[in-house]
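Enquirer: Have a look; sequence and predicted model below, questions after that.
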Amino acid sequence: MRLDIRSLGFSLTEGLREHVERSLVRAFSHGRRDLVEVQVRLSDQNGPRGGADKRCVARARFAGDEHVVIERRHHDLYTAIAQAIETLGQRSDARRQRVLRGRRVLPATRAHMAG
């Protein structure tokens, strides 16, 4: 998996980078062999004025060019990162389950097709 983290308008600290990496490990702890790339974009919309303006946009790209994008804003950038990546993992799992269910042929359907 390729990881691309960028901050827009401020320096990306080692602490932020490590927080993103730890959050990804938690969110994808079950493993996704089809996960190709994760992009994380961090920004501070209001600068020193404060408010719920810290933004994290996380995008996961899977084999077959399937992707999931999540955006979260919060007054604390670390919280925005954790929330965005946690939701990214959950949505990725849900999407994968829908795809797997769609490919599964139920035993009753097979029996019906044979008869």
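Expert: Yep, it's here. Numbers count the residues shown, from 1 in each chain.

Enquirer: Quick one: mean pLDDT for the lengthiest helix in the chain?
Expert: If you go by DSSP state H, the chain has its longest helix at helix 77-103. Averaging pLDDT along helix 77-103 yields 87.

Enquirer: Mind listing what's buried along that helix?
Expert: Neighbour-count burial for helix 77-103, counted by 16 or more other C-beta atoms under 10 Å, picks out 77, 80-89, 92. (Glycine included, C-beta is placed from N, CA and C.)

Enquirer: any idea how far residue 74 lies from residue 63?
Expert: Look at residue 74 and residue 63: by C-beta to C-beta, to the nearest Å, they are 31 Å apart.

Enquirer: Tell me which of the two has more neighbours.
Expert: residue 74 (18 against 10; other C-beta atoms under 10 Å).

Enquirer: and that one, what is it in contact with?
Expert: 52, 54, 80, 83 (C-beta atoms under 8 Å, 6 or more residues apart in numbering).

Enquirer: What segments of this protein are helices?
Expert: 14-27, 77-103, 107-114.

Enquirer: can you put those helices in JSON lines and add distance to residue 41?
Expert: Formatted as JSON lines, the helices of the chain follow (distance: least, C-beta to C-beta, whole Å):
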{"stretch": "helix 14-27", "distance to residue 41": "11"}
{"stretch": "helix 77-103", "distance to residue 41": "10"}
{"stretch": "helix 107-114", "distance to residue 41": "43"}
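
Enquirer: between the ones you listed, which one is nearest to residue 45?
Expert: Closest to residue 45 of the helices of the chain, according to C-beta to C-beta: helix 77-103, at 10.9 Å.

Enquirer: Quick one: list the elements packing against that closest one.
Expert: Secondary-structure packing of helix 77-103 (3 or more C-beta pairs under 8 Å, 6 or more residues apart in numbering; DSSP states H and E): helix 14-27, strand 35-44, strand 54-62, strand 67-74.

Enquirer: Any chance you could spot the residue sitting in the middle of this structure?
Expert: Centroid check for the chain by C-alpha atoms, centre = their mean gives residue 88 as the closest residue, at 2.9 Å.

Enquirer: which residues touch it?
Expert: 27, 38, 58-60, 68, 70.
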